[in-house]
Every structure is written in structure tokens, then in C-alpha cells.
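[1] Need a 3D model of the following:
(one chain, ligands or ions: 1)
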Amino acid sequence: MNKSSYYFIPDVLTSEEIKEIQEHYKDYVCDHYSVISDKWNKESEKMTRMEAPNRYLDLIGIPENKFPSLTEKIKKSFQKIIKQRVSLEGPHYYCHYHTGDFHGVHRDNYATHFSRDLAIIIHLSDPTEYEGGELIVNNEITPRQKGAAIIFDASQLHELTKVTKGDRYIISECAN
Ligand SMILES: [Fe+2]
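    As a prediction, this is how the structure comes out:
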């Protein structure tokens, strides 16, 4: 990775593409509940409310190519960094952090059965739509810009501070 702990890639998704994704998921309700971070059915297309000790949010797996331009742009973003074909971890994740939601300090490759090399998040929300909810990677606060991506080495310590006002929406995905 470079000197900074993360890469910032602006304009990965257009406003129209974000609108399409948001419109699709806006009427989904949480009909699943999980208290364990990595034990939820990523393929079910049910919105899951996660209330694990270190992590509160709603999330749902987006199957690859459900939104073809999204998949293509995620792959291209990773390829900008590692200059080769990447294999994605699985579905993309649509994540909704309500006021009060957060993800405490962690690494993504914390267990031998579960290893991630690079993580990406793409901002779907405009920074004016929420307060708090800072993605901090290796003690650096990362920029917030609608449509932009942040990519980082997932073995670094990172966290999402508590959203103190409004709602924060992102797409996340990992590559190996
Ligand atoms: Fe993470």
C-alpha cells in the first residue's frame, strides 16, 4: 500500500447509479436479526439487522451482477490498486447505519477461516446527510464524498465511529 493507510477514488458511482440502488432497497424491511457478526445469510436477500457486540447496522448481500455497473466498478477500483484481476469475496454488501449505529475497532482478517486482503467502501450518502460515522483506518480519518470509494488493506485496524445524526449508506466488498 502507499504511505497513507487508504486509497481514495472519487466518482466511482454516479448519482443516477446511486439512486437506482437506493430506490431498489428503500422498501426493504429488516426481517432477519443477528447478534453474531459473521453468521448471517449473505445470499438470502433479506435485510438483516445486526446487533453484534462490536457492530450495529442493517445489511443485505447484493448478488454479483444484480447491478452490473456496480460489480464492474468495484472490480475496476480494486484493479487500480493491485493491477491484476481480483476475486471478490462474495456478494457486495448494502449497509445502512442508523443514528447510533457503529462498527468498533477491528481487522477484517481476524480468523484463519476468514481472510480478506483489501476492503472497499463506496459512499452512497452525501456527507451532509449524517454526522459522526467516520471511517478511520489506522488512525486516519478517511474522506467522505458521495460516489467515492475508499480502499484499504483489511489487516489494518479500522472502525466506523458512531453515527450521531442521520443515516449513512454505503456499499462494501472485499477482494482476495
Ligand atoms: Fe471491516
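[2] all strands of the chain, in order?
    For the chain, the strands defined by DSSP state E cover 6-9, 30-34, 47-52, 55-62, 92-97, 102-106, 118-123, 130-132, 135-137, 140-141, 149-153, 158-160, 163-166, 168-175.
[3] Quick one: residues contacting I81.
    Applying C-beta atoms under 8 Å, 6 or more residues apart in numbering, we find I81 in contact with Y7, L118, I151. For the C-beta atoms, the positions are set from N, CA and C on the backbone; glycine is no exception.
[4] any idea which of the residues you listed is the one closest to F102?
    Relative to F102, the closest of those is I151; by C-beta to C-beta it sits at 21.1 Å.
[5] Wait, the closest one touches A119, no?
    Yes. If you go by C-beta atoms under 8 Å, I151 and A119 touch, sitting 7.1 Å apart.
[6] Relative to Q22, which of the strands of the chain is closest?
    Comparing these by C-beta to C-beta, strand 168-175 comes nearest, at 7.0 Å.
[7] Packing partners of that closest one?
    Judged by 3 or more C-beta pairs under 8 Å, 6 or more residues apart in numbering; DSSP states H and E, the packing partners of strand 168-175 are helix 68-82, strand 92-97, strand 118-123.
[8] Please work out which of the ones you listed is packed deepest.
    Most buried of those, by mean neighbour count (mean count of other C-beta atoms under 10 Å): strand 118-123, with a mean of 24.
[9] partners of that one, with directions?
    Neighbouring strands of strand 118-123 in its sheet, by DSSP bridges, are strand 149-153 (antiparallel), strand 168-175 (antiparallel).
[10] Centre of the chain to that strand, how far?
    5 Å (C-alpha atoms, centre = their mean, to the nearest Å).
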